[in-house]
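**Q** I would like to see how this sequence folds:
(2 chains)
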Protein chains: 2
Amino acid sequence: MPSEIEPIEIEPIGHVRGGRIEPIDDDWDAVTALIELDPEQWSPDALAGLDAFSHLDVVYLFHQVDPTVITRDARHPRGNPEWPRVGIFAQRARMRPNRIGVTTCQLLGIDGLSVRVQGLDAIDGSPVIDIKPHVREFTARGDIVQPQWMTELMMNYWVDRSPQ
Amino acid sequence: MPSEIEPIEIEPIGHVRGGRIEPIDDDWDAVTALIELDPEQWSPDALAGLDAFSHLDVVYLFHQVDPTVITRDARHPRGNPEWPRVGIFAQRARMRPNRIGVTTCQLLGIDGLSVRVQGLDAIDGSPVIDIKPHVREFTARGDIVQPQWMTELMMNYWVDRSPQ
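**A** Numbers count the residues shown, from 1 in each chain, chains lettered A, B, ... in the order given. Predicted coordinates:
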């Protein structure tokens, strides 16, 4: 069977500005940042009506991850031997093929081409690939089941639940 | 301010096989399909442990959308004049920059490099860019607010709630 894998070129729509400068593991809901759309590509029209949503799904690049160190085998998440060895597609770790993160965060406000968000786990300078409105009907249909190790890993990931 | 936009090259990890061959708007939970990882890149190790999750977040390419017809201004979703004109980043429409879709779907089973899913709104042949486990703590923190037009648009999007 011939391989049909052809590279795809994507172009950032803008960047994360502010927030953290290092990829710390936990406490991300304490972080506010801006997503700034590239002014050479976008007008505020592209964001029209987005302020009617409480949350966004942000697609971004883990740009500081070296593409040559992508995980291909099964490993203990965060190197913790108490958790099972799992494949990269059973984790949300950064060292993943294509280095793409997808995170649901709170929308705080929009000013021109700047989108203010809270709880986006992307560091300052991260290229943003897409912004989608977070839509109730796009959440999981049916009950969510996940293994205990993931629940433990996520214990302190957001922590700071700032009042809205 | 100089533009820092540099293209990023990504490589599909595999493809959607089966399901629909045309991008119909509604009734996607009636659809089952396979995600087949590229055997030249991946071993089943990459999927180890994924079967402990009920749902996946799949990142894929709307490959049949012509990149030259991407929406940049504000438009009525689905051309419906009863809904407001909104920007592409306030919609989840296909004709979007970078043509990337992100969907939470049910995991039905894994066999080698094949992942069987239900409710993935990607047509046969779609390049898959990433598979992430759907994690309860990665869902929205706080209540989800969305405009009425989106609720109306989504009314029949999934419809078929097949028993698990």
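**Q** Verify the stated contact: A:Leu37 with A:Val16.
**A** No. If you go by Cβ atoms under 8 Å, A:Leu37 and A:Val16 don't touch, sitting 11.4 Å apart. C-beta coordinates here come from the backbone N, C-alpha and C atoms, glycine included.
**Q** do stretch A:84-99 and chain B meet at all?
**A** Yes. Using Cβ under 8 Å from any Cβ of the partner chain, stretch A:84-99 reaches chain B at A:84-92, A:96-98.
**Q** Partner strands of the helix-or-strand element of chain A with minimal mean pLDDT and their direction?
**A** For chain A, the helix or strand with the lowest mean confidence is strand A:8-10, at a mean of 93 (criterion: mean pLDDT, DSSP states H and E). Strand pairing for strand A:8-10, using DSSP bridges, gives strand B:8-10 (antiparallel).
**Q** what does the helix or strand following the strand it pairs with contact?
**A** Heading C-terminal from strand B:8-10, the first helix or strand you meet, by DSSP states H and E, is strand B:14-17. The set of residues external to strand B:14-17 that reach it, using Cβ atoms under 8 Å, 6 or more residues apart in numbering or on different chains, is A:4, B:33-38, B:42, B:60, B:113, B:120, B:122-128.
**Q** And the following helix or strand past strand B:14-17, what does it pack against?
**A** Going down the chain from strand B:14-17, the next helix or strand is strand B:32-37, by DSSP H and E. Helices and strands touching strand B:32-37, by 3 or more Cβ pairs under 8 Å, 6 or more residues apart in numbering or on different chains; DSSP states H and E, are strand B:14-17, strand B:114-118.
**Q** Show me what the next helix or strand after the last one is packed up against.
**A** With elements assigned by DSSP H and E, the helix or strand that comes after strand B:114-118 is strand B:127-133. Based on contacts counted as 3+ Cβ pairs under 8 Å, 6+ apart, the elements that strand B:127-133 packs against are strand A:100-111, strand B:14-17, strand B:55-61.
**Q** Same list (the ones you listed) but as a markdown table, adding mean neighbour count, distance to B:Gly49 and mean pLDDT.
**A** Output for the helices and strands packed on strand B:127-133, formatted as a markdown table (neighbours: other Cβ atoms under 10 Å in any protein chain shown; distance: least, Cβ to Cβ, whole Å; pLDDT from 0 to 100):
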| stretch | mean neighbour count | distance to B:Gly49 | mean pLDDT |
| --- | --- | --- | --- |
| strand A:100-111 | 18 | 19 | 97 |
| strand B:14-17 | 21 | 18 | 96 |
| strand B:55-61 | 24 | 13 | 97 |
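**Q** now for these, which one comes closest to A:Met154?
**A** Relative to A:Met154, the nearest member of the helices and strands packed on strand B:127-133 by Cβ to Cβ is strand A:100-111, separated by 12.7 Å.
**Q** what about chain A, any weak spots by pLDDT?
**A** Scanning chain A for pLDDT under 70 picks out A:1-4, A:160-164.
**Q** hmm, back to that, name only those of the contacts of strand B:14-17 that count as buried.
**A** B:33-38, B:42, B:60, B:113, B:120, B:122-123, B:126-128 (16 or more other Cβ atoms under 10 Å in any protein chain shown).
**Q** Looking at those residues, which two lie furthest apart in space?
**A** Largest separation among those by Cβ to Cβ: B:Trp42 and B:Ile123, giving 22.0 Å.
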